[in-house]
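my questions concern the predicted model and sequence given below.
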Amino acid sequence: MKLSEQFQVLRRAARYTFSVNRKYTILLIMSAFLSSIVGYVPIYFSAKVIDSLIAKAPVETVILYVALTVGIVFAVNLTNTYISSEKSAASSAMWRNEDWSYSEKAMQMAYGSIEDPEVTRLRYRIRRESQTGHNLYYLYQHIEQFAGQVTKITASTALTVSFFALPSVPVCFKLAIVAGLAITLMFQLYATKKTNALDRDFMALSVDMNIIAEHFLSYIEHYGAGKDIRLYDMGKFVGGSYLALDQDYWERGLKNSYIKAAWALPVAMLNTVLKFGIYAVLICAALQGGITTGSIARYVACIMMLAENLLSAAKTIQSAFDNNHYLKRYFSYFDIPNNMYQGSLTVEKRDDVEYYVEFRNVSFRYPNTDSYALRNIDLRFRIGEKLAIVGMNGSGKTTFIKLLCRLYDPTEGEILLNGVNIQKYDYDEYMSIFSVVFQDFSLFAFQLGEIVASSRSFDEDRVRSCLIKANFGSRLDEMPEGVHTYLYKGYDRSGMEISGGEAQKIALARALYKDSPFILLDEPTAALDPVSEYEVYSDFNTISGDKTTVYISHRLASCRFCDQIVVFDNGHIVQHGSHGELLCDGCGKYSELWHAQAQYYTVDG
Ligand code: ADP
């Protein structure tokens, strides 16, 4: 990273620390200042006491110096104890916010970013780096360390500067100290740079390895995979892969530690030589009689402290520069823009419910892909209509739904609601007109009522009625706590486990509870048994009432009652019409799909 960029990141980090928790940053600096300065009080006054005793000064003077030492140290320590308690309260608030900030950012992101594997990897990586202390923890640590080191360097310099001005100490002694300091400093900087670069490479590697290792562990440990692991004796395969990876990681880590130790050794030796040299120079100067007895102790302590803190400050700066590589990545996650157009129009509430939706020459490509998932889609449907979308896997059906409910914006063309581009509507308002059940829906481990209502508070009767409509009634009757039963074991150990089909019914009930004018169902019965599937289809018109329904299904028999059927193939709409009209075209895709399935179902075409 270039120096100018280093300073850019540092400036941003400084602004960030002040904006996120100004109080914590100020307390941190104050506490570092006070803990550092307190050590110099006895050094300064001890020299005064010794010189006063040697000069046979009045005893009151000596008592005054002693009283000042004790009093100042006491006052500083007392203040620092108070600041430390304030600091720790401010710190826990700050770390709580930090934890939340990842989730908050995820919620603000466009869905496309959430689905983007690069973004997932970036979030995983910065979280992992933060857990190992990088990013904010080190940033605050560096601020605290640097504040302490600058205080000590300033105090040591103030108490040492007279040494360099002493005419009785030969210039070569003074130069020897400065040269020794400079050489040690430079070597230490070089060594730290090398080892930090080594750590960074290892960290990047460990993120990749950890992602894979955690996958292996989750296969082994997750009860859902337990059957496959046992039946196919996958334990050796998955476990062996994990152990091999872990061994590789451990060996690389060990090698890394050896290399770092090899750099640390000469640094430690050079530091020792420097300290020894400083002692030697000061003793020689004292022997030549150029320094008072009290000052010898002061100069020895202060020059040592100066050397030590110059070295540590250099190390802190180097570490801060190193942390900047991590911070740059950290900020890049929080900088990911939400490029979805943010409209502000309210969705018109029409008494005549005369809404219509139109796809006008819509094409769409997923981010970072070359091929179009949808191409030149032209389609118009009115509220109250039942629209079925059929087609082979990968033909673009789910993508069509994703565009309709604005999880993505079209790459080309536009989607209109009552003649207005849907991008112009306020996003939340627009979303409120859709109830969607995706194939890969998620139900969280909350109370059944909370899940159906998507809220902490819910109308119990309405929840029950939606569950009954979705054919979950008999199962609900068996649940000891009714709509207050917890699902799964995540939140409550006595939570209910449910089958895939039951989960799908609950997802359907959730869509019904939302009571939006549009219901979008992506394979809503895929996990249901044939009886439940039949029940859902036969009751479907009652369930959906006068709502507009867009309905994706592989089972064509279930679509024939819809007003319009749209056939997707390879991202294009290849046919469009009612069941009867589509079947008339004996060479069409619909007829092909219908007859392929008719072999397995006794259907009346
Ligand atoms: P269908 O619902 O008809 O099975 P989809 O709409 O899910 O089909 O997918 C249409 C095409 O888009 C497929 O080629 C699929 O691989 C691709 N696709 C789906 N989701 C993504 C995604 N998140 N990123 C990249 N490509 C995707």
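Now that the structure is in, tell me what you want to look at.

next, the buried residues of stretch 8-21.
Burial within stretch 8-21, assessed by neighbour count using 16 or more other Cβ atoms under 10 Å, is assigned to 9-10, 13, 16-17, 21. Where you see a C-beta, it was placed from the backbone N, CA and C, and this is true even at glycine.

in a markdown table, list these along with secondary structure, pLDDT and distance to P530.
Formatted as a markdown table, these follow (DSSP: H, G, I helix; E, B strand; the rest coil; pLDDT from 0 to 100; distance: Cβ to Cβ, whole Å):
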| residue | secondary structure | pLDDT | distance to P530 |
| --- | --- | --- | --- |
| V9 | helix | 94 | 61 |
| L10 | helix | 92 | 65 |
| A13 | helix | 91 | 61 |
| Y16 | helix | 87 | 58 |
| T17 | helix | 86 | 61 |
| N21 | helix | 81 | 59 |
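
make CSV from these and add distance to the ligand to it.
Conversion of the buried residues of stretch 8-21 to CSV gives the following (distance: Cβ to the nearest ligand atom, whole Å):
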residue, distance to the ligand
V9, 32
L10, 37
A13, 34
Y16, 32
T17, 37
N21, 37
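
pLDDT wise, what is whatever residue of the stretch 101-250 of the chain ends up closest to the ligand at?
The minimum distance from the stretch 101-250 of the chain to the ligand, using Cβ to the nearest ligand atom, falls at E115 (4.7 Å). Among the per-residue scores, E115 shows a pLDDT of 84.

quick one, phi psi at I336?
Comment: the main-chain dihedrals of I336 come out as phi -60, psi 120, following degrees, to the nearest 10.

find me the pLDDT at it, would you?
The predicted local confidence for I336 comes out at a pLDDT of 94.

try A557
For A557, the model assigns a pLDDT of 76.

what separation is there between it and H579?
Here the distance between A557 and H579 works out to 10 Å (Cβ to Cβ, to the nearest Å).

shaky segments in this structure?
By pLDDT under 70, the low-scoring segments of the chain are 223-224, 290, 348-354, 490-491, 526-527, 532, 534-541, 598-605.

get me the contact residues on it for the ligand.
Along the chain, the residues adjacent to the ligand under the rule Cβ under 6 Å from any ligand atom are 115, 366, 369, 373, 391, 393-399.

could I get the residues you listed as a markdown table with secondary structure and neighbour count?
Shown next, in a markdown table, are these (DSSP: H, G, I helix; E, B strand; the rest coil; neighbours: other Cβ atoms under 10 Å):
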| residue | secondary structure | neighbour count |
| --- | --- | --- |
| E115 | helix | 15 |
| Y366 | coil | 17 |
| T369 | coil | 8 |
| A373 | coil | 21 |
| G391 | strand | 24 |
| N393 | coil | 7 |
| G394 | coil | 12 |
| S395 | coil | 22 |
| G396 | coil | 24 |
| K397 | helix | 24 |
| T398 | helix | 19 |
| T399 | helix | 21 |
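
pick out whichever of those residues sits closest to K489.
Taking Cβ to Cβ as the measure, K489 sits nearest to E115 out of those, at 27.7 Å.

how close does that closest one sit to E385?
When Cβ to Cβ is the yardstick, E115 and E385 sit 29 Å from each other.

right, and M305 touches K152 too?
Yes: using Cβ atoms under 8 Å, M305 makes contact with K152 at a distance of 5.8 Å.

who touches both of the two?
Contact criterion Cβ atoms under 8 Å, 6 or more residues apart in numbering; residues shared by M305 and K152: G39.

how about the nearest residue to N338 once chain neighbours are set aside, what does it touch?
Excluding its sequence neighbours, the residue lying closest to N338 (Cβ to Cβ, 6 or more residues apart in numbering) is A110, at 4.7 Å. Under the criterion of Cβ under 8 Å, 6+ apart, the contact partners of A110 comprise 338-340, 408.

which of those are buried?
Restricting those to buried positions leaves 340, 408, with burial counted as 16+ other Cβ under 10 Å.

Throw the contacts of A110 into TSV and include secondary structure, thanks.
Supplementary listing: those in TSV, determined by DSSP: H, G, I helix; E, B strand; the rest coil:
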residue	secondary structure
N338	coil
N339	coil
M340	coil
Y408	coil
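
wait, which of the contacts of A110 is closest to the ligand?
The shortest gap between the ligand and any of the contacts of A110 belongs to Y408, at 8.9 Å (Cβ to the nearest ligand atom).

which ones are touching the closest one?
Per Cβ under 8 Å, 6+ apart, neighbours of Y408: 110-112, 364, 366, 399, 402.

quick check: phi and psi at it.
With angles defined as degrees, to the nearest 10, Y408 shows backbone torsions of phi -130, psi 160.

possible to save the contacts of Y408 as a markdown table with secondary structure?
A markdown table is the format used below for those (three-state DSSP):
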| residue | secondary structure |
| --- | --- |
| A110 | coil |
| Y111 | helix |
| G112 | helix |
| F364 | strand |
| Y366 | coil |
| T399 | helix |
| K402 | helix |
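
of all those, which two lie farthest apart?
Set against one another by Cβ to Cβ, the contacts of Y408 have their most distant pair in A110 and T399, with a gap of 15.3 Å.

backbone phi and psi for G545, please?
Backbone phi and psi, for G545 under degrees, to the nearest 10, turn out to be phi 60, psi -130.

now it: how far from the ligand?
Computed with Cβ to the nearest ligand atom, to the nearest Å, the distance linking G545 and the ligand is 26 Å.

kindly report the same for W263.
Relative to the ligand, W263 is positioned 45 Å away (Cβ to the nearest ligand atom).

what sits against the nearest residue in space to that residue that is not next to it in sequence?
Of all residues not flanking W263 in the chain, A191 sits nearest, at 4.5 Å (Cβ to Cβ, 6+ apart). Contact partners of A191, counting by Cβ under 8 Å, 6+ apart, are 263-264, 266-267.

quick one: whatever helix or strand A191 lives in to chain centroid distance?
A191 is part of helix 171-221 when elements are defined by DSSP states H and E. The chain centre lies 25 Å from the centre of helix 171-221; the measure is Cα atoms, centre = their mean, to the nearest Å.

can you pull the contacts of the residue most central in space within the chain?
In the chain, the C-alpha nearest the mean C-alpha coordinate belongs to Y102, at 3.8 Å (Cα atoms, centre = their mean). With contact taken as Cβ under 8 Å, 6+ apart, Y102 is in contact with 123, 127.

against M431, how distant is the closest residue to G384 other than its chain neighbours?
Counting by Cβ to Cβ, 6+ apart, the nearest residue to G384 once its immediate chain neighbours are dropped is D546, at 5.3 Å. Distance of D546 to M431, given as Cβ to Cβ: 21 Å.

which one's more surrounded, these two?
Between D546 and M431, counted using other Cβ atoms under 10 Å, M431 has the larger neighbour count: 15 against 10.

break the chain down into its structural domains.
Here the domain assignment for the chain is 3-334, 356-600, based on automatic domain parsing.

just these: most buried one?
Of all the domains of the chain, domain 356-600 has the most neighbours on average by mean count of other Cβ atoms under 10 Å, namely a mean of 18.
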